[in-house]
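Colleague: Here is the input, now give the coordinates:
(2 chains)
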Number of protein chains: 2
Amino acid sequence: MDNFTFFNPTQVEFGKDKEQAIGRHLAEHGIKKVLLCYGSERIKRDGLFSVVSKSLAEQGIAIVECGGIVSNPVISKVREAIALARDHQVEAILSVGGGSVLDSSKAIAAGVPYAGDVWDLFIGKGHIESALPVFDILTLAATGSEMNNGAVVTNEATQEKFAITSVHTYPKVSIVNPALMKTVSRDYLVYSAADVIAHAIEGYFTAKDEPRFQSRLVEAIINTVIETTETLLADPENYEARAEFAWAATQALNGLLYAGISGYSYPNHMIEHSLSALFNVPHGAGLSVVMPAWMKWYHSRNPVQFQRFAKYVFGVETVEQGIAALEKWFDKIGTPTRLSQLGISEADLPKTIDNVLGNAVHFGVAETYPRDVVATILKSAL
Amino acid sequence: MDNFTFFNPTQVEFGKDKEQAIGRHLAEHGIKKVLLCYGSERIKRDGLFSVVSKSLAEQGIAIVECGGIVSNPVISKVREAIALARDHQVEAILSVGGGSVLDSSKAIAAGVPYAGDVWDLFIGKGHIESALPVFDILTLAATGSEMNNGAVVTNEATQEKFAITSVHTYPKVSIVNPALMKTVSRDYLVYSAADVIAHAIEGYFTAKDEPRFQSRLVEAIINTVIETTETLLADPENYEARAEFAWAATQALNGLLYAGISGYSYPNHMIEHSLSALFNVPHGAGLSVVMPAWMKWYHSRNPVQFQRFAKYVFGVETVEQGIAALEKWFDKIGTPTRLSQLGISEADLPKTIDNVLGNAVHFGVAETYPRDVVATILKSAL
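Modeller: Residues are numbered from 1 along each chain as shown, chains lettered A, B, ... in the order given. Take a look at the predicted model:
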């Protein structure tokens, strides 16, 4: 195991009705005015907005609304929200939504005290010295953003989908109520399953000398995702399955799986970010296309881990059977495994490859992923 | 899953040479004078004390020494240390040692600002409203104390071994360098293995409706402990095994396994605490005696989990085979499985049972563990 620091100060409030106490959590941090970020107006129709408003009103906390954050969130919206937050001098950001709203909220929180343009923070032109405190009520379990310090946003002008991380962008309090997730659509449930699996496997397959303990944790997460996704497809009201799925998703990207490993990279995310940035496909749907294709190209570089994966996740013998089992499972649950299912054709490959090559430089893996490799992977996914 | 709060603010600095930075960590928290708690004078012979002293001197941090903390640490020593800490107006406690030193340090930290006698805090007569900050350099991986807020201390006058927990007693920074653990004796290595397994199984077997995700995490920890213990018995210098063992031990009692479960209890610890309190046996050695005996009495109450245990830990079929496999493994590594190996005979049972019954009240499980049940369990361990 490599040396590491593990530090994760986020307080997770997990379970039924936890959102009713959001006002108290904000008050405990001395907050009097928040920017309330959300996506569609659905939270007003389904009652969540009124629960939150009531809880905040009881503590005398003022709300500045910032709705309309979209999936694959964009930097223009973050800039708009930063201006709003400054105008109203809010003291915190409250995210009510899934990973896109939360990632935007972190970027807004970091951008408010930053003197330059917020995109600087994504491309290394600026450094996050402070951030407004972020609180969140999670309505979709997938990204793990509720218990980490990362945020991914797309710059629609440059077609770059990049990330920030900072010790200042851990949420203070994350409310994870699985009952709020039962209205997640079938499509987004299966995309989310692919997203969590992707978070678990990047380090598992690409790290130098992954410790077996960490591998076992990865397998625990993936097996839980597979089992609970199947339960939820048959029975969307199943709270227990929803809860195990959500907690496994949180653990997949809160630092636990990546503690003590080194030399790893995020090739599946690197490639998928180009699909999202160029074609606005759902992140999880892009990942379920990329993963089997990447695995077919990559597996001979780490046969030990691919054999573990085959054995301990799908109970099959060979590396090839393990990869085929994952692809078949994606097909079974109905998340795409082909670029054509995302509306991406061979004619789109040149610009896609160009975009991936840009990401590869940004991700520090340009040598491992030159043009011919990226082309091989993407072509096998057509 | 039951509702829960997960919050663990301890910063773990894991890996080689991490102890060299202890002065910097203290300085970052504004500390100018510490009570340095330790056990035997071994840390002066093996060089660790001089590394720590040098690191603190570089930051201008003064040391007040408090050596001589023993295994199964006692409240009289904690009281003595509290007086010393007050006399010298130290600003923090620095623990250099294993779980006994660290648990004592937490009790000292909570006792210094408390106006009454520190034992009040263990028996519910007083409440921990604040504590001095605790920092630690761990030299033995077993108790998990480095990443939780608990501390167990024995009152030698009343022969009670009780615990405190408080939001104020999480260590600020825990330094876990597996290389410092390579001089741990063979005996203490195997006792530690039993201790970690005990932490993992208490909730696993006794919780109402343990989620499968948490069960998988438990099995990941136990399998890692079994594998790495065997490696270390053959090759004590194996850093990788030492590291995986240590990190698994930390995860076994940092809140992760117990998030979302309810109705659980700590019967093996409850019984073992009496063995430690009365006969001063090493905690892990007591646990490896208690666990198989308790399992033989308890298993029919939760056959599903015992079948999981048999299958996913030892790869055997039946509940009985699983329990027998654990007992056989304890025998193989050389940690006791019989009270006689601890020097405890049938004549000692009456006072042992009395002590356990006192613990059962304190643990809130007196109804489940009346005299005849405790007697049955202990007799089967003779």
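Colleague: Hmm, A:L35 is touching A:S95, no?
Modeller: No - look at A:L35 against A:S95 with Cβ atoms under 8 Å: they stay out of range, at 9.3 Å. Backbone N, C-alpha and C define where each C-beta goes, glycine included.
Colleague: quick one: the nearest residue in space to A:E202 that is not next to it in sequence and chain B, what's the gap?
Modeller: Using Cβ to Cβ, 6 or more residues apart in numbering or on different chains and skipping residues adjacent in sequence, the residue nearest A:E202 is A:Y266, 4.8 Å away. A:Y266 sits at a distance of 22 Å from chain B (criterion: Cβ to the nearest Cβ, to the nearest Å).
Colleague: Can you get me a residue count around A:Y266?
Modeller: Other residues within reach of A:Y266 by the criterion other Cβ atoms under 10 Å in any protein chain shown amount to 18.
Colleague: Got phi/psi on it?
Modeller: The phi/psi pair for A:Y266 (degrees, to the nearest 10) reads phi -120, psi 60.
Colleague: got a list of what it touches?
Modeller: By Cβ atoms under 8 Å, 6 or more residues apart in numbering or on different chains, the contact list for A:Y266 reads A:E202, A:T206, A:F363.
Colleague: Please report the distance of A:N155 from A:L132.
Modeller: In this structure, A:N155 lies at 22 Å from A:L132, with Cβ to Cβ, to the nearest Å as the measure.
Colleague: who's more crowded, those two?
Modeller: When neighbours are counted by other Cβ under 10 Å, A:L132 comes out ahead of the other of A:N155 and A:L132, with 22 against 17.
Colleague: now the helix or strand hosting A:F245, how far from the centre of its chain.
Modeller: Assigned by DSSP states H and E, A:F245 belongs to helix A:239-252. Mean C-alpha position of helix A:239-252 versus that of the full chain (Cα atoms, centre = their mean, to the nearest Å) differs by 14 Å.
Colleague: Return the set of buried residues in it.
Modeller: Neighbour counts using 16 or more other Cβ atoms under 10 Å in any protein chain shown place A:240-252 of helix A:239-252 among the buried residues.
Colleague: Can I get the residues you listed in TSV including pLDDT and distance to B:P303?
Modeller: Written out in TSV, the entries for the buried residues of helix A:239-252 read as follows (pLDDT from 0 to 100; distance: Cβ to Cβ, whole Å):
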residue	pLDDT	distance to B:P303
A:E240	97	20
A:A241	98	22
A:R242	98	27
A:A243	98	24
A:E244	98	21
A:F245	98	26
A:A246	98	28
A:W247	98	25
A:A248	98	25
A:A249	98	30
A:T250	98	30
A:Q251	98	28
A:A252	97	31
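Colleague: Just the ones in helices from the contacts of A:Y266, please.
Modeller: Judged by DSSP state H, those include A:E202, A:T206, A:F363 as members of helices.
Colleague: Can you verify my assumption that the first one contacts A:G263?
Modeller: Think A:E202. No - here A:E202 does not reach A:G263: they are 11.9 Å apart, not a contact under Cβ under 8 Å.
Colleague: who has more neighbours, those two?
Modeller: More crowded of A:E202 and A:G263, by other Cβ under 10 Å: A:E202, with 23 against 11.
Colleague: Please determine how far the more buried one is located from A:G98.
Modeller: According to Cβ to Cβ, A:E202 and A:G98 sit 20 Å apart.
Colleague: swap in A:A252?
Modeller: When distances are taken as Cβ to Cβ, A:A252 and A:G98 turn out to be 15 Å apart.
Colleague: Close to chain B: what parts of the stretch 151-300 of chain A are there?
Modeller: In this structure, the stretch 151-300 of chain A approaches chain B at residues A:178, A:209, A:211-213, A:216-217, A:219-221, A:223-224, A:227, A:240, A:243-244, A:247-248, A:251, A:256, A:259-260, judged by Cβ under 8 Å from any Cβ of the partner chain.
Colleague: one more time with 10 Å
Modeller: Counting by Cβ under 10 Å from any Cβ of the partner chain, the residues of the stretch 151-300 of chain A lying close to chain B are A:173-174, A:176-178, A:209, A:211-225, A:227-228, A:239-248, A:250-251, A:254, A:256, A:259-260.
Colleague: What of the stretch 1-150 of chain A?
Modeller: The stretch 1-150 of chain A has residues A:1-18, A:147 near chain B, with proximity defined as Cβ under 10 Å from any Cβ.
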